[in-house]
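# turn this into a model:
(chains A and B)
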Amino acid sequence: MEALLDFWYAYSATLAFGLVNSLFALSMYSVLSAGILSFTTVVFAAVGGFAAAQMMGTFGLPLWLAVVIAGLLGGLASAIIAALFLKLETHWMALASLALILISRVVVLNTPSLTGGVMGMVVPVRASVLELAVLLAIVSLVFFRLHKSWYGLAIRAVREDAAAASTMGVSARQIQMIAFLISGVVGGLAGAAMATTLQYISADTFYLGVAFTMIASTVLGGSFFWFGPIVGAFVFTALPTITQAVLPEIQDIAKGVVLLVIMIYLPRGLIDPRARGLRKAARQRQQSALNGSDAVEARPGSSTAGHAHD
Amino acid sequence: MTLFLEQLVNGISLGSLYALFGIGFGLVFATLGVLNVAHGAYASWAAILGYFSVDYFGVPFPAAVAIGVLGGGLIAVTVDQIGFQPLRGRKTGMLGALITSIAFLIILDSLAGMATNHQSWAFPSSSFPSGMVDLGLIRIPEMQIIIIVATLVCGGGIYALIQKTGIGAAMRAVGWNAEAAALSGVNPRIVILLTAFLAGATSGLAGVLGGAATSNISYMLGEGLLLKGFAAVVVGGFDDVRGTVIAGILLGICEVFVAQYLSTTYRDGFTYVLLLTFLVARPRGLFGSRDFMRA
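A predicted model of the protein is given here:
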């Protein structure tokens, strides 16, 4: 029991940050799964984070109400930004979203009445690990339902081939707009979760560091299924803690090396539904090879089609 | 008037650093299709290598610059071959290389932090040209003149290389379509290595010269250059060296004047707003060609 408590004290912070980073990664995943590389999640999170801090600090609102408001304001921010950004080509959008992060830091530094400016803000309320877990569970449930819905199918179509999707009556623009709105709401929630976990936020909290962490988590875990970003976020958060116990000197380097190795050897991430599908297909091929020869003829063709798609 | 002229020269020299750094960043983006966020780390490392070679081995300043430039180029080639080469031909788009460049940013920055003990160092003032040149009306630091001349020489040289020589034609061809270039007898591998080396070397030059001029050599040096160099590249147009140089210098002048005559708080904001305006309203930049497409 002692050992269990020690373990909890040592690693509950890691767990909390894993949950927060999962929210960031899911927000990133929402746009990435529509074929958009955009780092605007950081901006939505800054909106949500500072809004939640103000709601709880200045107006004394309860935690959950502040979190909901943060999500709504994140969504509002995403609507404005998406209207501006969806006109751009994909590369330019990625670059513009980075520029927007740089600008939002300058804005945060220069609006001390809203954000505390250079001093940052102290957040009086602390979210427990359980509360963060509940928040992530709710968001995950939404993503789980979306994945199985018409929207889930449409967004996969848009990502694979926007032109083909539009011939089937799926408007890429509309799907991407929805993806941005979801990203905004989840990003706002992530910002609020970050604020209530760190209990101190400043301009540097929502800056390039968190942008790189969330894209790394998302791609590490796999950006083709909603569970991937969560796995990636936990791996990416836990990794420095683990290496710190073994070799504290190199914890950041180890993080970089793992990211590099996974990207080169597992470019589709740790959780990849297609790999599972291919394995299943391979098993079926084996089965049918044992059962009889007629089914074998058709299978290899379909599997090469799967590879060519790569 | 003296203040105005001094600040103008300050702006031009600051902008020259952004331009010098941006040349390589833009070259890699236009030719190799990589948004390389580790590009700033090359500059940090070049400055650190230059500083160590002066501090431990007492080499003269030009040799330290050469070591930094060579070091920056070699690191860039290493990063390219380990991080970007395996992804080529896999059609991961910009995303894959962006992730590996983030990995290298983390690795190189934390190694640089360890090498410098997370402190800021400076070249001893006797080891580099730290005097002032008297131009009658104003006095200009020697380092600023060196930076401006280096930028103009590098910018002009690389522009001539890309636009006037066979190697440059090969680089443009690979940037446009690597497969088609290979079909017409260009060896993409050599072009890639050369581009990576050139980019790392110019970034290294900016790092060493900037580190000497500002007396600030640390693992953070590259980040500032990266953000401003990125802005210079976008404003100038990705596939044009001239645009990057002009935009970089203009940005430097604007920054110094905004800080001098408006407020230092708007200094960075001005640059980034200009960056976003260009991305949204005119993504091909001041000089970029109309149909820049790189999947």
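# which residues are contacting the host helix or strand of A:Leu132?
In this structure, A:Leu132 sits in helix A:129-148 according to DSSP states H and E. Residues outside helix A:129-148 that contact it (CB atoms under 8 Å, 6 or more residues apart in numbering or on different chains) are A:12, A:15-16, A:19-20, A:22-23, A:26, A:29-30, A:63, A:67, A:127, A:152, A:182, A:186, A:189, A:193, A:197, A:225-227, A:230. All C-beta atoms are positioned from the backbone trio N, CA, C, and that covers glycine.
# just checking, which of those belong to helices?
Per DSSP state H, helices hold the following members of the contacts of helix A:129-148: A:12, A:15-16, A:19-20, A:22-23, A:26, A:29-30, A:63, A:67, A:152, A:182, A:186, A:189, A:193, A:197, A:227, A:230.
# selection in ChimeraX covering whichever of those residues are buried, please.
For the buried members of these, the matching ChimeraX selection, counting by 16 or more other CB atoms under 10 Å in any protein chain shown, is:
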select /A:15,16,19,20,22,23,26,29,30,63,67,152,182,186,189,193,197,227,230
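# and the closest residue in space to B:Gly96 that isn't next to it in sequence, what is it in contact with?
Distance criterion CB to CB, 6 or more residues apart in numbering or on different chains; nearest residue to B:Gly96, sequence neighbours excluded, is B:Leu87 at 4.4 Å. By CB under 8 Å, 6+ apart, the contact set of B:Leu87 is A:263-264, A:267, B:96-97, B:100.
# contact residues of the stretch 151-295 of chain B facing chain A?
Residues of the stretch 151-295 of chain B lying close to chain A by CB under 8 Å from any CB of the partner chain are B:227, B:230-231, B:234, B:265-266, B:268-269, B:272-273, B:275-276, B:279-280, B:283, B:294.
# re the thing from before, counting neighbours, which of the contacts of B:Leu87 comes out on top?
B:Thr100 (30 neighbours; other CB atoms under 10 Å in any protein chain shown).
# that one against A:Val258, yeah?
No. Contact criterion CB atoms under 8 Å: B:Thr100 and A:Val258 do not qualify, at 11.9 Å.
# follow-up on the earlier one: now the helix holding A:Leu132 - C-alpha only, CSV.
This file holds the C-alpha atoms of helix A:129-148, laid out as CSV (Å, rounded to 0.1, in the frame of the first residue of the first chain):
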residue,chain,number,x,y,z
VAL,A,129,-6.8,13.8,-12.0
LEU,A,130,-10.3,12.3,-11.8
GLU,A,131,-11.9,15.5,-13.1
LEU,A,132,-9.4,15.6,-16.0
ALA,A,133,-10.1,11.9,-16.7
VAL,A,134,-13.9,12.6,-16.8
LEU,A,135,-13.3,15.5,-19.2
LEU,A,136,-11.2,13.3,-21.5
ALA,A,137,-13.7,10.5,-21.3
ILE,A,138,-16.5,12.8,-22.4
VAL,A,139,-14.5,14.2,-25.3
SER,A,140,-13.3,10.7,-26.3
LEU,A,141,-17.0,9.5,-26.3
VAL,A,142,-17.8,12.3,-28.7
PHE,A,143,-14.9,11.3,-31.0
PHE,A,144,-15.9,7.6,-30.7
ARG,A,145,-19.5,8.4,-31.8
LEU,A,146,-18.2,10.7,-34.6
HIS,A,147,-15.9,8.1,-36.0
LYS,A,148,-18.9,5.8,-36.5
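# in terms of helices and strands, where is residue 51?
With no chain named, the answer covers chain A. Assessed by DSSP H and E, A:Ala51 sits inside helix A:41-57.
# correction: the question concerned chain B.
helix B:39-57.
# then A:Phe59?
A:Phe59 is part of no helix or strand when elements are defined by DSSP H and E.
# gap between it and A:Ala51?
11 Å (CB to CB, to the nearest Å).
# so those two - more neighbours on which side?
More neighbours surround A:Ala51 than the other of A:Phe59 and A:Ala51, with 25 against 10 (other CB under 10 Å).
# so the more buried one makes contact with A:Gly71?
No. A:Ala51 sits out of contact with A:Gly71 when judged by CB under 8 Å, with a separation of 9.5 Å.
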